[in-house]
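Novice: Everything below, folded, please.
(one chain, ligands or ions: 1)
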Amino acid sequence: MSPAAAATPILKASHLLGIEGLSVGEITALLDLGDEYVALGRAKEKKSPLLKGRTVINLFFEASTRTQSSFELAGKRLGADVMNMSVRTSSVSKGETLIDTATTLNAMRPDILIVRHQDSGAAEMLARKLDCCVVNAGDGSHEHPTQALLDALTIRRRRRSFEELTVAICGDVAHSRVARSNIHLLSKMGARVRLVAPRTLLPADAARFGVEIFTDMREGLKGVDIVMMLRLQTERMTGAFIPSMREYFRFWGLDREKLAYAKPGALVMHPGPMNRGVEIDSAVADDIEVSLIHEQVEMGVAIRMAVLDALSRGLAQQGRNTP
Ligand code: ASP
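Specialist: This is a model prediction of the structure:
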């Protein structure tokens, strides 16, 4: 990455809290940078010294495999010191509040704090209180911006133009921050978005998104280019939303028979972790001709490098702790 390129600002804000507040230009610039980091990740020498001297803290109050490890790898590949805060062994388990934990970490003068929390709005609240840049790595059922960006990068590398695409976001939309961030991003970029879900798993305000809504999976999949499956998020459910897992799979699980309703050559995505045999059949998930699931993981590292890079440009511009 050339020093000149590193100087060009990408984000107007000094945090990444959601897709809703991003412009098409900001999203496109992040995706372009993501492409450069895909190339770096595929090279033998995967490191860049861009964040040398910077400190990145991962603060995850909810379980994570892909997001936490890819932020860690992204920070390390950019030369930052990365600390993973394990909530289970920290004072959070003794009852320390989110804000106390975060202000304690803030006193250690990190440059970037990556936070995942079960409450919608948690990242935004921290961004208002802390000195460092805050990245939302998932807040309740609100937003998961880096997931939508990595999904967009995955799609763009396969299909180029969003304007010609119809994307079906299927399953537990009501509890999904992935769905919300993707609805914002794909709509902004000009794709047609469909929500395909049982009535019980559609958000009460689904109509406000201005997307098409289908409550029959086969109807909803007709002619789509991309099928984006969502995990059934039982940990966020407070009551009975589905009759049984078996019934759910019968009506809403993506198998070859239902996928056949989509456009020939349609591609399948899933943010992970997958519930095999619940929202997706292994025969589809593991079919490398249609499934982009592993590609999504690779794009996750690249897009998180792009986000850290973009935020560090903001820090350098403000002259904050410039290394
Ligand atoms: N990993 C994604 C998230 O944190 C999707 C999921 O958990 O279902 O929201």
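Novice: Can you name the next helix or strand after the lowest-mean-pLDDT helix or strand in the chain?
Specialist: When each helix and strand of the chain is scored by mean pLDDT, DSSP states H and E, helix 3-7 comes last, with a mean of 48. Downstream of helix 3-7, the first helix or strand assigned by DSSP states H and E is helix 24-42.
Novice: Just the residues contacting that following helix, thanks.
Specialist: Contacts with helix 24-42, where a contact means CB atoms under 8 Å, 6 or more residues apart in numbering, come from 1, 10-12, 19, 46, 48, 77, 149-150, 152-153, 156-157, 185, 188-189, 298-299, 301-303, 305-307, 309-310. Where you see a C-beta, it was placed from the backbone N, CA and C, and this is true even at glycine.
Novice: try it again with 7 Å
Specialist: Under the contact criterion CB atoms under 7 Å, 6 or more residues apart in numbering, helix 24-42 has outside partners 1, 10-12, 46, 48, 149, 152-153, 156, 185, 188-189, 298-299, 301-303, 305-307, 309-310.
Novice: Which ones among those residues map onto helices?
Specialist: 149, 152-153, 156, 185, 188, 298-299, 301-303, 305-307, 309-310 (DSSP state H).
Novice: Identify, from these, the entry nearest to residue 96.
Specialist: Closest approach between these and residue 96, by CB to CB: residue 307, at 27.3 Å.
Novice: Looks like the closest one contacts residue 135 (just checking).
Specialist: Yes: applying CB atoms under 7 Å as the test, residue 307 and residue 135 come out as touching, 6.3 Å apart.
Novice: what is in contact with these two at once?
Specialist: With contacts defined as CB under 7 Å, 6+ apart, the residues shared by residue 307 and residue 135 are residue 16.
Novice: Among the two, which residue is more densely surrounded?
Specialist: Here residue 307 and residue 135 are compared on neighbour count by other CB atoms under 10 Å; more neighbours surround residue 307, at 27 against 24.
Novice: which residues does the more buried one contact?
Specialist: Residue 307 makes contact with 16, 30, 135, 146 under the criterion CB under 7 Å, 6+ apart.
Novice: Give me the distance between the one residue in the stretch 1-150 of the chain that gets nearest to the ligand and residue 123.
Specialist: Residue of the stretch 1-150 of the chain nearest the ligand, by CB to the nearest ligand atom: residue 138 (4.3 Å). Using CB to CB, to the nearest Å, residue 138 is found at 9 Å from residue 123.
Novice: follow-up on the earlier one: among the ones in helices among the contacts of helix 24-42, name the buried ones.
Specialist: With burial judged by 16 or more other CB atoms under 10 Å, the buried subset of the ones in helices among the contacts of helix 24-42 is 149, 152-153, 156, 185, 188, 298-299, 301-303, 305-307, 309-310.
Novice: Residue 280: neighbour count?
Specialist: Using other CB under 10 Å, residue 280 has 28 other residues around it.
Novice: how about the strands of this structure, start to end?
Specialist: 55-60, 81-86, 112-117, 133-139, 166-170, 192-196, 212-214, 226-229, 267-269 (DSSP state E).
Novice: so how far does stretch 83-90 reach from one end to the other?
Specialist: End-to-end span of stretch 83-90 (CA to CA, to the nearest Å): 13 Å.
Novice: Could you pull out the buried residues of it?
Specialist: By neighbour count on 16+ other CB under 10 Å, the buried set for stretch 83-90 is 85, 87.
Novice: please begin residue numbering at 50 from this point
Specialist: Got it, the first residue is 50 from now on, which makes the last one we talked about stretch 132-139.
Novice: Work out the gap between that stretch and the centre of the chain.
Specialist: Distance, stretch centre to chain centre, for stretch 132-139: 21 Å (CA atoms, centre = their mean, to the nearest Å).
Novice: Equivalent analysis for stretch 279-291, please.
Specialist: 19 Å.
Novice: ok, and does that stretch reach over to the ligand?
Specialist: Yes: on the criterion CB under 6 Å from any ligand atom, stretch 279-291 is in touch with the ligand at 280, 282.
Novice: mind checking pLDDT for the residue of the chain found nearest the ligand?
Specialist: Residue nearest to the ligand within the chain: residue 280 (3.3 Å; CB to the nearest ligand atom). Note for residue 280: predicted pLDDT of 96.
Novice: Give the burial count for it, as a bare number.
Specialist: The number of residues packed near residue 280 is 20, by other CB under 10 Å.
Novice: same check, this time on residue 190
Specialist: Around residue 190 there are 21 residues (other CB under 10 Å).
Novice: residues in contact with it?
Specialist: Residue 190 neighbours (CB under 7 Å, 6+ apart): 169, 224, 225, 226, 285.
Novice: between these, which is closest to residue 296?
Specialist: For the contacts of residue 190, the nearest to residue 296 is residue 224 (18.0 Å; CB to CB).
Novice: Any idea how far apart the tips of stretch 100-112 sit?
Specialist: Note: stretch 100-112 ends 26 Å apart using CA to CA.
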